[in-house]
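K.L.:
sequence plus the predicted model coming up.
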Amino acid sequence: MKHLMDVGFEFEVGSPWTMKTTVRKIREDLGISGLTPQVDVTVETNAKYNGEISTPVWPLAKGMSNLRRIFKWFEKNGIVTNDSCGFHVNLSFRRKELNWMLDIDRLVLSFNEEKWLKLCKRVNNSYTGCYIDSLICEAGKKVFKTEAIRDQWVADKIIELGEDRFSSVNIEHLEEDSPYVEYRVLGGTGYHLRYGTMINGVIDMAANMKRALPNARGTALRGLKLKECFKVKGVNDMASIVPH
């Protein structure tokens, strides 16, 4: 069955105008309405004004189309993005009960957060906490008696780490009446000039959510991370490097 998805975006940017004026100009120039200006004190660029712009929720295909148009507008109108700027992607299944049934363990470990953090030069960014890094630090030199014990420990830690809304995959909104997943790995210097990379990231995120549905396949990355990063007595050795 094909599961329809919706998407919303949050752009952290610097602008020649206030965020309110920037939103108005986008509406006038592109006919895209519903954008919301936000204050964000974490954004620090050399532009006159810094902040965040949030989009409405759109069907995934429409969101991709609007994203290209907005990025081109940013490029033409002197919008600035640097390493303090995030590009957050909010994804949900249109049938909201599917969001409530996502397997959190598979959602997190089957997503290649390391790849996207590295591509966007956001490794060690305090607003995009990497789960696998934190899990390895938490595990230390722990040796698990069985794979089942290992898997349960990891799953429990993921839920604990997920209480931090700045984690690379923010799961806190999955308990709400309108549930969604916020991915925080994208952004960085000139992200609005890298449409292809950003759109590939969104596609990967959508695929990741589908892998976390009940009985879904394609979770080999999860198994690889568990095997390489956590030692089980008599089975494997702790990996010498984090799989970045």
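P.N.:
All right, it came through fine.
K.L.:
and the residue nearest in space to the middle of the chain, what's its pLDDT?
P.N.:
Within the chain, one residue has its C-alpha closest to the average C-alpha position: by C-alpha atoms, centre = their mean, that is residue 183, at 1.6 Å. Confidence at residue 183, expressed as pLDDT, is 98.
K.L.:
check contacts around it.
P.N.:
88-91, 111, 168-170, 201, 205 (C-beta atoms under 8 Å, 6 or more residues apart in numbering). For every residue, glycine as well, the C-beta is placed using N, CA and C.
K.L.:
which stretches of this structure have low pLDDT?
P.N.:
Along the chain, segments meeting pLDDT under 70 span 1, 236-244.
K.L.:
rewinding a little: closest to residue 104 among the contacts of residue 183?
P.N.:
Residue 104 has its nearest neighbour among the contacts of residue 183 in residue 169, at 9.0 Å by C-beta to C-beta.
K.L.:
what is the burial count for that closest one?
P.N.:
As a burial measure, residue 169 scores 26 neighbours (other C-beta atoms under 10 Å).
K.L.:
what's the closest of the contacts of residue 183 to residue 56?
P.N.:
Nearest member of the contacts of residue 183 to residue 56, counting by C-beta to C-beta, is residue 90, at 10.6 Å.
K.L.:
for the closest one, give its distance to residue 33.
P.N.:
18 Å (C-beta to C-beta, to the nearest Å).
K.L.:
and the two? Which one has more around it.
P.N.:
A direct count of neighbours by other C-beta under 10 Å for residue 90 and residue 33 places residue 90 higher, at 20 against 10.
K.L.:
so where do the helices sit in the chain?
P.N.:
Taking DSSP state H as the criterion, the chain contains helices spanning 19-30, 60-76, 96-100, 104-109, 113-119, 131-139, 147-161, 195-211, 220-229.
K.L.:
dump those helices into JSON lines; add distance to residue 47 and mean neighbour count as well.
P.N.:
Compiled in JSON lines, those are given as follows (distance: least, C-beta to C-beta, whole Å; neighbours: other C-beta atoms under 10 Å):
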{"stretch": "helix 19-30", "distance to residue 47": "10", "mean neighbour count": "16"}
{"stretch": "helix 60-76", "distance to residue 47": "11", "mean neighbour count": "16"}
{"stretch": "helix 96-100", "distance to residue 47": "36", "mean neighbour count": "15"}
{"stretch": "helix 104-109", "distance to residue 47": "34", "mean neighbour count": "22"}
{"stretch": "helix 113-119", "distance to residue 47": "24", "mean neighbour count": "20"}
{"stretch": "helix 131-139", "distance to residue 47": "31", "mean neighbour count": "18"}
{"stretch": "helix 147-161", "distance to residue 47": "33", "mean neighbour count": "16"}
{"stretch": "helix 195-211", "distance to residue 47": "20", "mean neighbour count": "18"}
{"stretch": "helix 220-229", "distance to residue 47": "38", "mean neighbour count": "17"}
